[in-house]
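> Fold the stuff below for me.
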Amino acid sequence: MKLIVGSPGTWSGLALRVSQCVFAMASIAAMASSFGFTNYSAFFYMILALMVQLIWSLALAGVDIFSIRNKKDIHTVAHVTVIVLGDWITAVLVFTGASASASVTILFTKDTHICRVYSRLACGQFALSVVLAFIVWLLGAASCFSGFWLLVSFL
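Predicted structure coming up:
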């Protein structure tokens, strides 16, 4: 088994997956507890992308726990290819959702000052949720990079 930090089936890989789950749940909770997020499709899309990321990360955390507990090597080309493809897909989804939501948040707070006019909008929570979503994306990018590095090392 190759020792690459963050690769599937290792303690560091499990830590990355659990961190992704924690930050995704925090971002979802921050957005879902704010008033009016369902009126804007960018926020709704970000929540959907974070839910997909959460499910994917939970599933791979289970695979990591199984691999660590039973001392199984899951570093085969087939397993790593599926994990890398899934990581790339979820990372792109989260990045596009976070970017779209960030643009709407900037529009509300800096450009049109809607947050001042409509004080019921929780623009602070929108911004917090977007920042947490970008952290999820950075952790996902780290998982992508370590999986891709492992995949390339098979060649």
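
> May I see the buried residues of the lowest-mean-pLDDT helix or strand in the chain?
Lowest on mean pLDDT, DSSP states H and E among the helices and strands of the chain sits helix 114-117, with a mean of 85. Of the residues in helix 114-117, residue 115 count as buried by neighbour count, 16 or more other C-beta atoms under 10 Å. In short, each C-beta sits where N, CA and C put it, glycine included.

> hey, C-alpha coordinates of that helix in CSV?
Output of helix 114-117 as CSV, limited to C-alpha atoms (Å, rounded to 0.1, in the frame of the first residue of the first chain):
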residue,chain,number,x,y,z
ILE,A,114,-30.8,44.5,-0.6
CYS,A,115,-29.7,43.4,2.9
ARG,A,116,-30.0,46.9,4.2
VAL,A,117,-33.5,47.3,2.7
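
> Report the distance from that helix to the chain centre.
Remark: helix 114-117 is offset 29 Å from the chain centroid, using C-alpha atoms, centre = their mean, to the nearest Å.

> cool, stretch 104-112 as well?
For stretch 104-112, the distance to the chain centre is 24 Å (C-alpha atoms, centre = their mean).

> Contacts made by it with the rest, please.
The contact list for stretch 104-112, computed with C-beta atoms under 8 Å, 6 or more residues apart in numbering, reads 40, 42-43, 114-115, 121, 123, 126-127, 130.

> Fine by me, thanks again.
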